[in-house]
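Peer 1: Provided below for reference: sequence and predicted model.
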Amino acid sequence: MPVGWKIRQGSRAPPPTGADVSDVSGTAQDNDTLTTVPITQVPGILLLKEAQDAVYQTVQAVPGDPLDYRFTVTNTGNVTLTNVTLTDPLPGVVLSGSPIALLAPGAVDDSSITGRLALTQAHIDAGEVLNTATVTSDYSDLNDDPQQVSDDSSDVAIVAAIEALPESFPAFDTDGGTTTSMLASDAVVSEPATLANVTIRVIAEDAGVTLDPDTALITLAPGHPAGAYEVTYEICSVAYPAICDQARETVVQNPIEFIEAVKSQVLVDNGDGIDGVGDRVDYTITVTNTGNVPLSGVSVADVLTTQAGTPLSLDSGPDFVSANMGSGAGDLAIGEVATYAASYTLTVQAVTEGGLSNTVTAEGTAVYPPLFPGTPPTVFDVSDDDIDSDGNTSDDPTELILAPVITDQGMTITKTTPRGVVERGSVVPYTITVENENVFVSGTVDIVDVLPEGLLYVDGSATFEGASHPVLVDGRVIRWDDIPLPPLTTVTLTLSARVLSSADVGAHINRATVRHPTDDTLLAEEATATVRILPEPVFDCGDVIGKVFEDENRDGYQNEGEAGLPAVRLVGVDGTIITTDAHGRFHVPCAMLPADRGGNFILKLDTRSLPAGYRITTENPRVIRLTRGKMSEMNFGAAITRVVRVDLVDAAFVTGADGRVRLSEPLIDGIATLLPQIQGEAVHLRLAYHLGEAPTRADKQRARRHMQLVARHLRQDWPALSQVKLTIERTFVETRK
């Protein structure tokens, strides 16, 4: 029967849920009425199946390994459950602890029932195990009839392992760098992890270090201090995204110990406007920690010399001035620059020996982080001059070069020889003097002597200030290098030269110059000394003899009985005028000095000096080849000749259809009529071309071409008529107002 409670009206106690309550109403406490309230049954059960597979996500399972299951059963209703029984259709699973005899409302049992499955290769190959378990239980309803309630629970057990393990990368000896793949030691499902079977997620990175998920490479950027840098990452299986593992990678930047010194200078003039004694050189020295570890015990050591290498001492310094990051003297943080100062005042010795050469050597001891054992090294650097345009970018001394103050003013050079006329084979002495009239010029100069063609330097004959002095000889060029030339001083140099047997006659000029020792520019006007070689008639000259004769038969040769023509003038190309004697003879002694292969000699007869009526019958001018030491003959013929004049104008010529200019028919007929009339005698035929008033150059060129056509026509026709020589003369006739 249903259970009920009797409650008095007005009682504060609530009726139990699901019970029938009878209420007896009345007006007095002793006559209460019972009320019946029915109670509802709500049966319920919940099953939760959990595979204990976490171990196989980092440790790869092998056949036979156990896969345990945990079952949690909860009575979610208000009815006591009995005979709580679990069933699991998973092949091979072994259950324990089922059934549970009694499970009160709200009770939870998570330990009574367990399961175990021995993994097979098929499970491992699949990477997961999927199954569903069912729990059932009994209870009695309000009529005491047996009832059941049940629930299902499914779970997927992952048996594919993933493992992220840190690599052991070599430390970077360079400034930063990139590792090999950080997946090298990682694995998934017993296979090496690759970019194809895992995904990478960066969880945390130290400053300066970067893990690229697309390449699995870790990069440490340059410029970071020595030490360890970490990256935390997670890899997850591409096939089973829920399977993930994390690891922390470490890359190490090894210490790089460097120090760099630079020394620059400024020359401060003492007011005289000349770089020299008394000027002050201010030096600025910077020392930079260019490594990736701090430095301690930083110091600089200075070496100062002249350009010739003589040791000198600074007047002050090097003294520490400051460091740009605030470190004190002797310490340098990474990238910090310390500045030092020094100075030196130029002395006579420094200027005389060409200036200064200065270097500093900076040193410091590295300070290692605790990560790096061992004794840190001491680093050194020899200073650079901070001038890279000279091509030297490291360890270049800081130099102050004081070149000699040489000017092209106030300096003279002279050259003399006591011999003005010399013979082949003789020796010619020369004296060179260089005078410096300046009070500030110092240093050295070069003296260059150039001998003339045909003279050869006598080896060992060069002197300087009376003492033998080495010279550079390059053919006819003799050079004294680095000759000291103090102010207000004259220096003397001498040499001798031999006249070669092959030297040409005439003037031979020796030239001497004083030149700048570095750029070879002239410092004074050139000095010269001249000697002359007289010709030797027997061996050097080419003599010419000849005659101007009356060429009676006009054959161009002097035949027997053809007399000479006196007082006829001949002119050479150099303007020399030669006049024939009473017999028409002339002589040109040493007409020229031919070269080894001979030379051409030209004479022209002045036709105006011929007797009246005479015309030249030989070529004029005449050219013959002269040879050294040989006499040559050159004759000119002239004869009284009848002059026949042919006057020509443009109208005497015509242009044919082919564009060629020809003699007109009247002109051809006229020549044909003329030639038979003169065939029996020597004739001087003069072609006179009338140009008109103010002819142009083109007019004269046209006239020459026309006269050439006439001359060609005459020479073609004349041999058929006469064997007498026909002389043709051409002239222009200009019309005048």
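Peer 2: That came through fine.

Peer 1: Tell me which stretches of the protein form helices.
Peer 2: Per DSSP state H, the chain carries helices over the ranges 121-126, 348-352, 537-540, 665-678, 697-717.

Peer 1: Can you list the buried residues in stretch 567-578?
Peer 2: 568-572, 578 (16 or more other Cβ atoms under 10 Å). The C-beta positions use only the backbone N, C-alpha and C, and glycine is treated the same way.

Peer 1: any idea how far that stretch is from the chain center?
Peer 2: Chain-centre distance of stretch 567-578: 69 Å, with Cα atoms, centre = their mean, to the nearest Å.

Peer 1: Quick one: end-to-end length of it, please.
Peer 2: Its start and end residues considered, stretch 567-578 measures 9 Å (Cα to Cα, to the nearest Å).

Peer 1: on that earlier part again, between the helices of the chain, which gets the lowest average pLDDT?
Peer 2: If the helices of the chain are sorted by mean pLDDT, helix 537-540 sits at the bottom with a mean of 60.

Peer 1: For F636, which of the helices of the chain is the nearest?
Peer 2: helix 697-717 (22.2 Å; Cβ to Cβ).

Peer 1: on contacts alone, who are the packing partners of the closest one?
Peer 2: Applying 3 or more Cβ pairs under 8 Å, 6 or more residues apart in numbering; DSSP states H and E, we find helix 697-717 packed against strand 642-648, strand 661-663, helix 665-678, strand 683-692, strand 726-734.

Peer 1: May I have the longest one as CSV, with CA atoms only?
Peer 2: Listed next in CSV are the C-alpha coordinates belonging to helix 665-678 (Å, rounded to 0.1, in the frame of the first residue of the first chain):
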residue,chain,number,x,y,z
GLU,A,665,83.7,69.3,-133.9
PRO,A,666,84.9,72.9,-134.9
LEU,A,667,87.7,72.5,-132.3
ILE,A,668,88.7,69.0,-133.7
ASP,A,669,88.6,70.4,-137.2
GLY,A,670,90.8,73.4,-136.2
ILE,A,671,93.4,71.1,-134.5
ALA,A,672,93.4,68.9,-137.6
THR,A,673,94.1,71.9,-139.8
LEU,A,674,96.8,73.3,-137.4
LEU,A,675,99.0,70.2,-136.9
PRO,A,676,100.1,69.6,-140.5
GLN,A,677,101.2,73.2,-140.6
ILE,A,678,103.7,72.8,-137.8
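
Peer 1: Out of the helices and strands packed on helix 697-717, the one nearest N620 is which?
Peer 2: strand 726-734 (11.1 Å).

Peer 1: Packing partners of that closest one?
Peer 2: strand 683-692, helix 697-717.

Peer 1: okay, those, which one's buried deepest?
Peer 2: Burial of those is given as mean neighbour count (mean count of other Cβ atoms under 10 Å); strand 683-692 ranks first at a mean of 19.

Peer 1: Quick one: work out the angle between it and helix 697-717.
Peer 2: Taking axes from the mean of the first three to the mean of the last three Cα atoms, to 10 degrees, one finds that strand 683-692 is oriented at 150 degrees with respect to helix 697-717.

Peer 1: what angle separates strand 683-692 from strand 642-648?
Peer 2: Interaxial angle, strand 683-692 versus strand 642-648 (the same axes, to 10 degrees): 30 degrees.

Peer 1: and the angle for strand 683-692 with strand 726-734?
Peer 2: 20 degrees.

Peer 1: Report all helices and strands that strand 683-692 contacts.
Peer 2: strand 642-648, helix 697-717, strand 726-734.

Peer 1: Mind exporting the C-alpha coordinates of stretch 42-54 to PDB?
Peer 2: Extracted in PDB, the C-alpha atoms of stretch 42-54 (Å, rounded to 0.1, in the frame of the first residue of the first chain):
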ATOM      1  CA  VAL A  42      11.800   8.900 -11.300                       C
ATOM      2  CA  PRO A  43      14.300   6.100 -12.200                       C
ATOM      3  CA  GLY A  44      17.600   7.000 -13.900                       C
ATOM      4  CA  ILE A  45      21.100   5.800 -14.500                       C
ATOM      5  CA  LEU A  46      24.200   7.400 -16.200                       C
ATOM      6  CA  LEU A  47      27.300   5.600 -17.600                       C
ATOM      7  CA  LEU A  48      30.600   7.200 -18.300                       C
ATOM      8  CA  LYS A  49      33.300   5.100 -20.100                       C
ATOM      9  CA  GLU A  50      36.800   6.500 -20.100                       C
ATOM     10  CA  ALA A  51      39.800   4.800 -21.800                       C
ATOM     11  CA  GLN A  52      43.100   5.300 -19.800                       C
ATOM     12  CA  ASP A  53      45.000   6.000 -23.100                       C
ATOM     13  CA  ALA A  54      47.100   9.000 -22.000                       C
END
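
Peer 1: neighbouring contacts of that stretch?
Peer 2: For stretch 42-54, contacts defined as Cβ atoms under 8 Å, 6 or more residues apart in numbering pick out 67-79, 81, 84, 86, 103, 129, 132-137, 139, 147, 149-159.

Peer 1: about what we covered before: make a markdown table out of the helices of the chain and add distance to G176.
Peer 2: Output for the helices of the chain, formatted as a markdown table (distance: least, Cβ to Cβ, whole Å):
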| stretch | distance to G176 |
| --- | --- |
| helix 121-126 | 43 |
| helix 348-352 | 46 |
| helix 537-540 | 86 |
| helix 665-678 | 103 |
| helix 697-717 | 84 |
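
Peer 1: What count of nearby residues applies to the closest residue to P311 other than its chain neighbours?
Peer 2: For P311, ignoring the flanking residues on the chain, the nearest one in space by Cβ to Cβ, 6 or more residues apart in numbering is T305 at 5.5 Å. Neighbour count for T305, taken as other Cβ atoms under 10 Å: 16.

Peer 1: wait, T305 sits on S313?
Peer 2: No: assessed by Cβ atoms under 8 Å, T305 is found out of contact with S313, at 10.3 Å.

Peer 1: May I have the beta-bridge partners of V94?
Peer 2: Applying DSSP bridges to V94 gives these bridge partners: R116.

Peer 1: Please name the residues that touch it.
Peer 2: Each residue near V94 by Cβ under 8 Å, 6+ apart is listed here: 115-117.

Peer 1: hmm, back to that, could you check how far the residue nearest to P311 is from T398?
Peer 2: From T305 across to T398, the span is 11 Å (Cβ to Cβ, to the nearest Å).
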